[in-house]
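# pasting the sequence and the predicted coordinates here, then a few questions.
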Amino acid sequence: MIEIKGIKKSFGSLEVLKGIDLTINKGEIVSIVGPSGAGKTTLLQIIGTLDRPDSGSVCVDGIDTSKLSTKKLSDFRNQHIGFVFQFHQLLPEFTALENIMIPAYIAGTSQKAARKRAEELLQFMGLADRASHKPNELSGGEKQRVAVARALVNNPAVILADEPSGSLDSKNKEELHQLFFDLREKYGQTFVIVTHDEGLASITDRTIKMRDGMLESPAVESSPLDDTLELSALGSTGEGNDVTDVLHTSDKQDKTLETETETGVGA
């Protein structure tokens, strides 16, 4: 599902990634761990097409992202990759429902279809009664669940999460971790998670250890998923860059949001 071959990346004279090879299968929940400066976030950004490697390739669902133009890369990111960050990055002027719908609008989804999908996700997250609330009216755990729903709205191939529970208390952290597995069970969703949380890393299907820009543990050949996961996947329906890069902000988005705000979407 994700094939990473020979990824190298330097910033000036500092070599951050030193030849990364990694395979991630559909429906896997994989954690990437290691000390600060190991290159975890840089690797995640390259997988997510937020940055380009100096050499090597990243293929997602059989598509070599290095061969895509900047415009096509933005469209690919919007439609195939979901992002969850340590801090929710919700837009404060929009409701929970509207925040979730934004990437769908950018992808060209109709208002009706985008709203239906967003409401479905809010229901799954247990936040149906919070749809019309703005971020400052939500708890920390609620904000992060809305951010996860936003990442899922376009049915992406993979969710990339960078310290997703790093700002949460113990209770909300456990609930978010369980949510990842619930989403995998319902949608066959793939997750790649950068984390310092040992508890989260210990329950993922596979833990990739990084140090000094290299993988410490074998990562190309993954252990097979259990039968329950495979059946679930077959039966499914489905630190760095500014959030606007992730959402693929465009003039089209600005006009759409202006129109929907005037017509009272989510009110």
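That came through, no problem. Keep in mind that what you see is a predicted model, and the values were worked out from it rather than measured. Numbering: from 1, shown residues only.
# pull the contacting residues for A118.
97, 100-101, 104, 131, 149, 153 (CB atoms under 8 Å, 6 or more residues apart in numbering). Using the backbone N, CA and C atoms, a C-beta is placed for each residue, glycine as well.
# greatest separation within these: which pair is it?
Spanning the widest gap among the contacts of A118 are A104 and A131, at 14.8 Å by CB to CB.
# out of those two, which sits in the busier spot?
Legend: neighbour count by other CB atoms under 10 Å for A104 and A131, higher for A104 (24 against 19).
# and the more buried one, how close does it get to R117?
When distance is defined by CB to CB, to the nearest Å, A104 is 6 Å away from R117.
# give me the common contacts of these two.
Here A104 and R117 have V153 as joint contacts, going by CB under 8 Å, 6+ apart.
# where's K209, which helix or strand?
Using DSSP states H and E, K209 sits in strand 206-211.
# got the buried residues for that strand?
206-210 (16 or more other CB atoms under 10 Å).
# what's the pLDDT at L231?
L231 is assigned a pLDDT of 40 by the prediction.
# from the contacts of A118, which is closest to E198?
Looking across the contacts of A118 and measuring by CB to CB, the closest to E198 is A149, at 26.6 Å.
# from R115, how far off is the residue nearest to K209 when sequence neighbours are not counted?
Ranked by CB to CB, 6 or more residues apart in numbering and with sequence neighbours excluded, the top spatial neighbour of K209 is E216, at 4.0 Å. To R115, E216 is 45 Å away according to CB to CB.
# before we move on, back to that, in a markdown table: the buried residues of strand 206-211, plus pLDDT.
Below are the buried residues of strand 206-211 laid out as a markdown table (pLDDT from 0 to 100):
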| residue | pLDDT |
| --- | --- |
| R206 | 93 |
| T207 | 94 |
| I208 | 93 |
| K209 | 94 |
| M210 | 93 |
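# now the residues you listed as JSON lines including distance to L44?
Formatted as JSON lines, the buried residues of strand 206-211 follow (distance: CB to CB, whole Å):
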{"residue": "R206", "distance to L44": "15"}
{"residue": "T207", "distance to L44": "15"}
{"residue": "I208", "distance to L44": "11"}
{"residue": "K209", "distance to L44": "15"}
{"residue": "M210", "distance to L44": "11"}
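# tell me which of those residues is nearest to K171?
Nearest member of these to K171, counting by CB to CB, is T207, at 23.6 Å.
# tell me which residues touch that closest one, please.
30-33, 201, 217.
# go again with 6 Å.
31, 33, 201 (CB atoms under 6 Å, 6 or more residues apart in numbering).
# helices along this structure, start to end?
Assigned helices in the chain, in chain order: 40-47, 70-80, 96-106, 111-125, 140-152, 170-187, 198-203, 227-234, 243-247, 251-263 (criterion: DSSP state H).
# and N172, what pLDDT?
Reading off the model, N172 has pLDDT 86.
# verify the contact between it and G141 for me.
Yes. Taking contacts as CB atoms under 6 Å, N172 lies within contact range of G141: 3.3 Å.
# the strand holding K209 vs helix 40-47, what angle?
120 degrees (axes from the mean of the first three to the mean of the last three CA atoms, to 10 degrees).
# alpha carbons of strand 206-211, as CSV, please.
C-alpha atoms of strand 206-211 as CSV (Å, rounded to 0.1, in the frame of the first residue of the first chain):
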residue,chain,number,x,y,z
ARG,A,206,4.3,-2.8,14.3
THR,A,207,6.8,-0.3,15.8
ILE,A,208,9.5,1.2,13.6
LYS,A,209,12.5,2.5,15.6
MET,A,210,14.5,5.3,14.1
ARG,A,211,17.9,6.8,15.2
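# and A149, how far is that from K40?
For A149 relative to K40 (CB to CB), the value is 25 Å.
# hmm, I was thinking of I106
Computed as CB to CB, the I106 to K40 distance reads 28 Å.
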